[in-house]
Structure formats: C-alpha cells, structure tokens
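S.K.: Sharing a model prediction with you, sequence too.
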Amino acid sequence: MKISLFVSLLLLFTSSVVADDFTGLYKVGSGQTYYMKSKDQADATVSIYTTKVEKDSLDIEYYIQSQNSFIKQELWQQFRLEKGSKGPLKLTKGYILSDNMKNPETMESKHIKGADGVQMTDFLFGSFDEINKHLKNTEEVEVPAGKVKAHRYSISNNGQTVEFWISVDTKPLTMLKLVSKGKKKHHNYSLNLETLVRNVKAKIDPKKSVALSKSTRKLLETSLK
Amino acid sequence: MKFFIVFSFVSSLIVGAGLYASDEENLKKQIELMKQKIEQLEKEKKKPSGGGLKVKDYDNSSMGVSNTSSSSTNNSNNQQITPEQMKLLQDSMKKGKKYLEERNEYLKELENED
C-alpha cells in the first residue's frame, strides 16, 4: 500500500511534467534510490529507474530490498507507462520477480490496476493545479543524497497526512522526501532520497516472463487488500 | 576649401572606418559571447541532473545482491564491527527469525488453501 501511494505520487508528478516526447526527458538506466523507514515493517530501499524510453511509452523498474533484517528480501517489478490523449499516465504492463522466482512473471491487469493506485484517493490523480493547492512552502531540504531547494506539499486524507518534497532543481522528476503520519500503524513511514542512480541495467527481461503462478497471485491479491 | 573637403573626406573615412571597426569589434564580441553561451549550455547539458546530489553509477549492471559495482565510496568494507553494529545484527537476527517463522506459517496456510 505504501509503495502504491509512492508510485501513485510519482506517477502524478510524472504525468504533470510530461512533454510531447518521453525521449527528451528520460534516460535509460537513470533514476533514484530511496530509504524507506516504517513502523510496522522492516526498513527497505526502493530504487526506481527507467529501462526503456520511447516517444509515447516509458518502462520503469522497481527494485525493493529489505534492510535491517537478517534475511534479505529482494523484489523487482517492471511497469510500462503509456501516454493517453489526456489525463495521467496509464500502467499497461507489469512484471514481477522475487529472489525465490526462477523467471519473471507477468502481472494480470487487475494487479496492475492495483499498483496504479487507480482506486486510491482523489488527490493522487487530480490535476497539477489541484496538487499545487497543497503547496506549503519552498525550502532547503537535506536528504542523504544532499541538500537542495524543494517544494513542500502536505495532503491529508482519512486520518493520514502525507508531506512530500519535490525538487525543482532536479528535473524532470525527483521526489526528495516523503513523510506519512496517521493513527494507523501502516500510515507511519518515511522515504528519503539516498542517491540518484545511473546506468542501471534492467533485471527483468519481459521476453523471459511466464504466466503468474498461483502463489504469486495470492500474494499480490493479499497485498492489494 | 580644397583642404577642407579633403579633411572632411579623410575624417569621414576615419570615422567610417572607426565605425566599421567598432561594428566589427562588437560583432566579434557578440559572436564570442554567443560561443561562450553555447559552450556553457553544452556543459550544463552534459552535467548529470541533480546538481549537488549524490550519484551512484551501476556501470550497466542490474540491481540486486549479486551486483555490488558502484562508483560511490563505501568505507564500511574491511572495517571491524562496532558494538552498535553487533547489537543491530543481533536485533536483526531476532527479527529475521520471527519473520521467517511468520513467512513459513503464511506459506503453509497458502498451501493448505490449495
């Protein structure tokens, strides 16, 4: 759910900075690594980088690794984002690979929809003007990756307050920091930019993907509940 | 009168040449400034985005445990473990054991449902 919210926010901002052509905006193998701290789960690093850039579509891969845990858990997910005539970007394809899978597995549309966060609260998919209503301040923010000037936004919904910082210095898209607070345990987590990444090779080869196994399907469906 | 005409002709030549020279000089300056501007833009274009932010280069390898290549310096290798790190390791081991038990229980439940 946290990852979904994070993905949704990134998608929102990605869609808000979409130019006519993705190729001028994104470079294959470039992205960010965040450190995620959570109250109810082990810490994790979340890396997001582009694996393929075409005029109207963008392939991104996530690499999530558990931290502070005796057993390292690894998960890779790859998604295709496509531009429609208008509105936010759409996730059209998804693949998943974990450290105990031999081959990547192709996610089904209902799981992709879940990752897209389509059913999530309205603000996530509002227009950029809508989001700008939540702009609180422009300030210097320090994250493990460095210190830069960023816009601070704050959004509250259903007892959860999400505060996030977007850097205007690191175009086209960089979420520097996100802090979520709420009454429920799973509402409390934070993400901080650890480093920008370059020249990352995709782990998932969609050509080698197989159909979703029963156990992966169950795990995905449980995580979306 | 003749002298005056010659003088004015010569002076107009001097002024004209001066204007020409200064125009040419301005033009050269402008071209030079434009060149500098282009060079500056080229440099900015080549600079990795992120300004002063830390950048890690994976040198065309994928992310994962087997991939440790990185241009960033990590001084934690070859260092002795500190008491704090030892405590963190012990805590992680406890958490890990608990996590493993929960994971196994969950997988068993899934199998039973099948």
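M.R.: Great, that's in hand. Residues are numbered from 1 along each chain as shown, chains lettered A, B, ... in the order given.

S.K.: And the residue of chain B closest to chain A?
M.R.: B:Gly96 (2.3 Å; C-beta to the nearest C-beta). For the C-beta atoms, the positions are set from N, CA and C on the backbone; glycine is no exception.

S.K.: helix, strand or coil for that residue?
M.R.: The three-state label given to B:Gly96 by DSSP: H, G, I helix; E, B strand; the rest coil is helix.

S.K.: Report how many residues lie close to it.
M.R.: 18 (other C-beta atoms under 10 Å in any protein chain shown).

S.K.: for B:Lys98, same thing?
M.R.: 11.

S.K.: A:Gly31 now?
M.R.: For A:Gly31, using other C-beta under 10 Å, the count is 25.

S.K.: where's it relative to A:Tyr189, distance?
M.R.: Counting by C-beta to C-beta, to the nearest Å, the gap from A:Gly31 to A:Tyr189 is 20 Å.

S.K.: Contacts for the helix or strand where A:Ser47 lies next, please.
M.R.: Assigned by DSSP states H and E, A:Ser47 belongs to strand A:44-53. The contact list for strand A:44-53, computed with C-beta atoms under 8 Å, 6 or more residues apart in numbering or on different chains, reads A:3, A:6, A:10, A:22-23, A:26-36, A:38, A:58-67, A:78, A:191, A:194, A:197, A:200, A:202, A:204, B:63.

S.K.: Distance from the chain centre to the helix or strand following that strand, please.
M.R.: Downstream of strand A:44-53, the first helix or strand assigned by DSSP H and E is strand A:57-66. Chain-centre distance of strand A:57-66: 8 Å, with C-alpha atoms, centre = their mean, to the nearest Å.

S.K.: Output the contacting helices and strands for the next helix or strand after strand A:57-66.
M.R.: Later in the chain than strand A:57-66, the nearest helix or strand by DSSP H and E is strand A:74-82. In this structure, strand A:74-82 makes packing contacts with strand A:57-66, strand A:90-98, helix A:109-116, judged by 3 or more C-beta pairs under 8 Å, 6 or more residues apart in numbering or on different chains; DSSP states H and E.
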